[in-house]
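> generate coordinates for the sequence data below:
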Amino acid sequence: QVQLVEFGGGSVQAGDSLRLSCAASGRTFSTYPVGWFRQAPGKEREFVAAINWSGGSTFYADSVKGRFTISRDNAKKMVYLQMNNLKPEDTAVYYCAADSVGGPSYSDYVRYDYWGQGTQVTVSS
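Numbers count the residues shown, from 1 in each chain. Next up is the predicted model:
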């Protein structure tokens, strides 16, 4: 079993930065790919970024490429999402998710079987 807790969200101005953190419990966490997703009011959950188990491969949605960076520290059981140059359209609840089963696409939310409770990010113009 893996439990995930996100923190680091908040309210910022456009152009500011935030770093989201995802703290995990569970012995096998370091073997799982992890993804960040977000959901804005009235919209479907959207893929943001993912990282493989070792941190050697990362994947990003086109909308955040060049602005967001995903990383992980398996020794600390942490995954991070550094968000720079934030835009109002980045406003959403951000979730981290871990994948213990595997699947064809890191961007597909159905691949992930462990989810955190989410952290709110609000970007004002």
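> where's residue 93 relative to residue 99, distance?
To residue 99, residue 93 is 20 Å away according to C-beta to C-beta, to the nearest Å. All C-beta atoms are positioned from the backbone trio N, CA, C, and that covers glycine.
> tell me which of the two has more neighbours.
The residue with more neighbours, out of residue 93 and residue 99, is residue 99; 21 against 18, by other C-beta atoms under 10 Å.
> ok, the most centrally placed residue in the chain - contacts?
Taking C-alpha atoms, centre = their mean, the centroid of the chain lies closest to residue 36, which sits 2.1 Å from it. Counting by C-beta atoms under 8 Å, 6 or more residues apart in numbering, residue 36 touches 20, 22, 48-50, 70, 79, 81, 94-97.
> where along this structure do the helices fall?
Along the chain, counting by DSSP state H, no stretch forms helices.
> quick one, strands of it?
Listed in chain order, the strands of the chain (DSSP state E) span 3-7, 10-13, 18-25, 34-39, 46-51, 58-60, 68-73, 78-83, 92-98, 114-115, 119-124.
> in the second one, what's buried?
So that's strand 10-13. residue 12 (16 or more other C-beta atoms under 10 Å).
> mind listing the strands it pairs with, and their directions?
Applying DSSP bridges, strand 10-13 is found paired with strand 119-124 (parallel).
> where does the prediction get shaky in the chain?
Residues of the chain meeting the criterion pLDDT under 70: none.
> ok, residue 81 to residue 116 distance?
From residue 81 to residue 116 the distance is 12 Å (C-beta to C-beta).
> again, but for residue 10
16 Å.
> go on, residue 109?
Counting by C-beta to C-beta, the gap from residue 109 to residue 116 is 13 Å.
> try residue 18
16 Å.
> returning to what we had before: which one of residue 109 and residue 116 has more residues nearby?
residue 116 (22 against 16).
> for the nearest residue to that one once chain neighbours are set aside, grab the count of nearby residues.
Leaving out its chain neighbours, the residue that sits closest to residue 116 by C-beta to C-beta, 6 or more residues apart in numbering is residue 4, at 3.7 Å. Residue 4 has 23 neighbours, counted by other C-beta under 10 Å.
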